[in-house]
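*Asks:* Make a model of this:
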Amino acid sequence: MIAPELLIPLAVFACLENGCTEAYRMDDFVLGIEPTDDEHAAVNIEQIYRVQRVRRFRYRGTAGDRNVHQMSGRVG
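*Replies:* So this is what the prediction gives:
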């Protein structure tokens, strides 16, 4: 018993946790880009299905090193 509103966030999470480098939410579906896919895969899917990318999700940014102690350099 899962609410239908949770299916999109769950799909994004599942794609990223299973090795996809990026996940695109396009209208009512999620497309996961794997490391072996073409670098223009999301653009090709946009053109084929004629949808606009709503949002791109990926594991990158400053979240990995924001807990570094300034004096000792330890990660907390």
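
*Asks:* What residues does the residue nearest the centre of the chain make contact with?
*Replies:* Taking Cα atoms, centre = their mean as the criterion, residue 57 is the residue nearest the geometric centre of the chain, at 2.9 Å. Residues in contact with residue 57 (Cβ atoms under 8 Å, 6 or more residues apart in numbering) are 12, 16, 22, 23, 24, 25. C-beta coordinates here come from the backbone N, C-alpha and C atoms, glycine included.

*Asks:* so the last one bridges to which residues?
*Replies:* According to DSSP bridges, the partner residues bridging residue 25 are residue 30, residue 55.

*Asks:* Could you verify my assumption that it touches residue 8?
*Replies:* Yes: assessed by Cβ atoms under 8 Å, residue 25 is found in contact with residue 8 at 6.2 Å.

*Asks:* what about the residue lying closest to residue 41 once chain neighbours are set aside, how many neighbours?
*Replies:* Leaving out its chain neighbours, the residue that sits closest to residue 41 by Cβ to Cβ, 6 or more residues apart in numbering is residue 33, at 5.5 Å. Residues lying near residue 33 (other Cβ atoms under 10 Å) number 19.

*Asks:* Residue 33 contacts residue 23, correct?
*Replies:* Yes: the pair residue 33 / residue 23 is scored as a contact, 7.2 Å apart, by Cβ under 8 Å.

*Asks:* Please, where are all the strands along this structure?
*Replies:* Ranges of strands in the chain, per DSSP state E, are 22-26, 29-33, 53-57.
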